[in-house]
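Student: model this:
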Amino acid sequence: MNLRSREDVLVRRTVVVEAIPSGVPIELHSGQLAQITQALGGSFTLLVEGQLMRLKGVDADAIGKTVPPPLQVPTEVHDDELEPLLWQALRTCYDPEIPVNIVDLGLVYRCALEPMNEGDKLRVVIDMTLTAPGCGMGESMTDDVCDKVLALPRVGEITLNLVFDPPWTREMMSEAAQLALGL
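Tutor: Numbers count the residues shown, from 1 in each chain. Predicted coordinates:
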C-alpha cells in the first residue's frame, strides 16, 4: 500500500483498537466500514467514521487481512551483527499517524548495548522521544519497540527511556523521510 492509496474494508468481527492520537481503546463491531490508511510495521491505521484507529497486526483477520510476518532474524548472532539487526528492528516501528519509521523520523536519540550478568545476554538501552510530549500513542509505540527488540537473539532486557530533551523537530527526520512526506 503506497502513501496515497487507501483501501476500504469491512470489520468482520468485534475487535479492540486504539484511538489515534489519544491511545484510548475502542471496540469496533462486525459490519462497520473502515479505510486502511497505513499498513506498516505489522499494524494497520484505520479511518473509521472520521477517527483514526490503530489495529494490531495480530488482529488483521478482523479486517480480512493476514497477520503480517515478524521480522526474520537468525537464531544466533555475533556481537558485530547485533547492532545492525537492532536498527533493522527499530525501522519496523512506526508512528501510526505518520508513514515513516521511528528511526528515519528522528525519534531514536540513542541505542546502546550493555553486557548483562547472564552469559552472553545483552541489555539494550534506548533513548527515544515522541513527535509531541502529550502524544497518546506513546505507550503503544514504546510497547512495539520493546516487543520487537526483545524478540532479537541475545537480547535479555531492554531499558527504554522516553525523553523530551532535545524536543523533536522536523529537522531531525532523515532526508528520505522528508522526501517521502513531501517536505
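
Student: quick one: the strands in the protein?
Tutor: 7-10, 15-20, 25-28, 33-40, 43-48, 51-56, 108-115, 122-128, 155-162 (DSSP state E).

Student: what's the fourth one packed up against?
Tutor: Packing contacts for strand 33-40, counted by 3 or more Cβ pairs under 8 Å, 6 or more residues apart in numbering; DSSP states H and E, involve strand 7-10, strand 43-48. Where you see a C-beta, it was placed from the backbone N, CA and C, and this is true even at glycine.

Student: strand partners of the last one, parallel vs antiparallel please.
Tutor: In the sheet, strand 43-48 lines up against strand 33-40 (antiparallel), strand 51-56 (antiparallel) (DSSP bridges).

Student: near residue 122, how many other residues are there?
Tutor: 22 (other Cβ atoms under 10 Å).

Student: contacting residues around the nearest residue to residue 22 once chain neighbours are set aside?
Tutor: Distance criterion Cβ to Cβ, 6 or more residues apart in numbering; nearest residue to residue 22, sequence neighbours excluded, is residue 136 at 3.9 Å. Applying Cβ atoms under 8 Å, 6 or more residues apart in numbering, we find residue 136 in contact with 19, 20, 21, 22, 23, 24.

Student: ok, now with 10 Å
Tutor: Taking Cβ atoms under 10 Å, 6 or more residues apart in numbering as the criterion, residue 136 is in contact with 18, 19, 20, 21, 22, 23, 24, 130.

Student: what's the spacing between the residue most central in space within the chain and residue 87?
Tutor: The geometric centre of the chain, computed from its C-alpha atoms, lies nearest to residue 93 (Cα atoms, centre = their mean), at 2.8 Å. With distances taken as Cβ to Cβ, to the nearest Å, residue 93 is found 11 Å from residue 87.

Student: now do the shared contacts for those two.
Tutor: Common neighbours of residue 93 and residue 87 (Cβ under 10 Å, 6+ apart) are 103, 108.

Student: how many neighbours does residue 13 have?
Tutor: 12.

Student: do the same with the one 5 residues further on
Tutor: Residue 18 is flanked by 21 other residues according to other Cβ under 10 Å.

Student: bridged to it, which residues?
Tutor: Under DSSP bridges, the beta-bridge partners of residue 18 are residue 25, residue 54.
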